[in-house]
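Q: no sequence on hand, only this structure:
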């Protein structure tokens, strides 16, 4: 069963410099809701540097705004190889279809394949990806936290 679609009045666009405060706030809040024991506030500078590095080599950051122009979530994907590095939805929007909208946007950027790593203990995220057609294709470990990860992949139906 797929998540409900977000309201039709949402707006998707490329990241601009003025989006950083909202992006960082949404990222911290989302991860804090998932792993409250980790200080994601301390990682704000890392995220900004990381996303800028990804964009410098072709990555695309798309921001999804609600009808009130509040950032609901964002996705960072490289169209050259389909690597989805970040997908993030504000915790008060979990289950409201914003994540599915971001995955649709990612598929528009990379229509032949999307690959990502997800923490193996993040069952909510794994279920979300599997409901959206992703398959488990490998295992690894997060280079920052050492947590076990699952590599997942989506390809269009043939």
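A: Great, that's in hand. Computed from a predicted model, the values in this text were never measured in an experiment.

Q: now do the lengthiest helix in the chain, average pLDDT.
A: Longest helix in the chain, counting residues (DSSP state H): helix 20-34. For helix 20-34, mean pLDDT rounds to 96.

Q: likewise stretch 111-129?
A: pLDDT averaged over stretch 111-129 gives 96.

Q: which parts of that stretch are buried?
A: Residues of stretch 111-129 classed as buried by neighbour count (16 or more other C-beta atoms under 10 Å): 114, 115, 116, 117, 118, 119, 120, 122, 125, 126, 128, 129. (Each C-beta comes from the backbone N, C-alpha and C, glycine too.)

Q: how near is the fifth one to residue 87?
A: Read it as residue 118. As judged by C-beta to C-beta, to the nearest Å, residue 118 and residue 87 stand 10 Å apart.

Q: other SSEs contacting whichever helix or strand comes after the longest helix of the chain?
A: Using DSSP states H and E, the helix or strand that follows helix 20-34 in sequence is helix 44-56. Applying 3 or more C-beta pairs under 8 Å, 6 or more residues apart in numbering; DSSP states H and E, one finds that helix 44-56 contacts helix 20-34, strand 60-65, strand 71-78, strand 83-89.

Q: that concludes my questions; thank you for your assistance.
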